[in-house]
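Student: Below is the sequence, then the predicted model.
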Amino acid sequence: MSRMPEPSTATATDMAVCIVNWNTRELLIECLRHLFEENPSYTVWVLDNGSTDGSAVRLREAYPQVHLVESSENRGFAGGVNELLRRCPASYLLVLNTDARPLPGAITMLTVTSPATSGWRRSGRA
């Protein structure tokens, strides 16, 4: 018999969606459109890995509420994620690729699942 998750005290602001982008402008914009249609109050951080396709400019125009970190060089996916981990103050981070389209309600479910019972813990934080 599976146990139901305990209600959480986590809020949507305790979690941030983090996305690493490199020259996938249209996929990034579509990903963000998908996220904000579900919940306009999501906290989103994007690291642009030195894109040359105008990703950062387009992102600033379309979604000024997104926290944009611009790198002058391509650090790779892991390097980009590590930079976002250093900069983003949220307690819980959900890392997505630009081509991700989470099912409706999936991200909300993460905020109602108890971190204590799920075993989640952000590295370097108690």
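Tutor: Now that the structure is in, tell me what you want to look at. If you're wondering where the values come from, they're calculated on a predicted model, not measured in any experiment.
Student: Quick check: pLDDT value at the nearest residue to residue 52 once chain neighbours are set aside.
Tutor: Leaving aside its sequence neighbours, residue 52 sits nearest to residue 23 (C-beta to C-beta, 6 or more residues apart in numbering; 6.4 Å). Quick note: C-beta positions are derived from backbone N, CA and C, even for glycine. The score at residue 23 is 98. That number is its pLDDT.
Student: what's the neighbour count on residue 23?
Tutor: Neighbourhood size, residue 23 [other C-beta atoms under 10 Å]: 16.
Student: so how far is residue 88 from it?
Tutor: Here the criterion is C-beta to C-beta, to the nearest Å. By it, residue 23 lies 22 Å from residue 88.
Student: do the same with residue 28
Tutor: Looking at residue 28 against residue 88, where the rule is C-beta to C-beta, the gap reads 17 Å.
Student: and if you look at residue 52?
Tutor: On the measure of C-beta to C-beta, residue 52 and residue 88 end up 25 Å apart.
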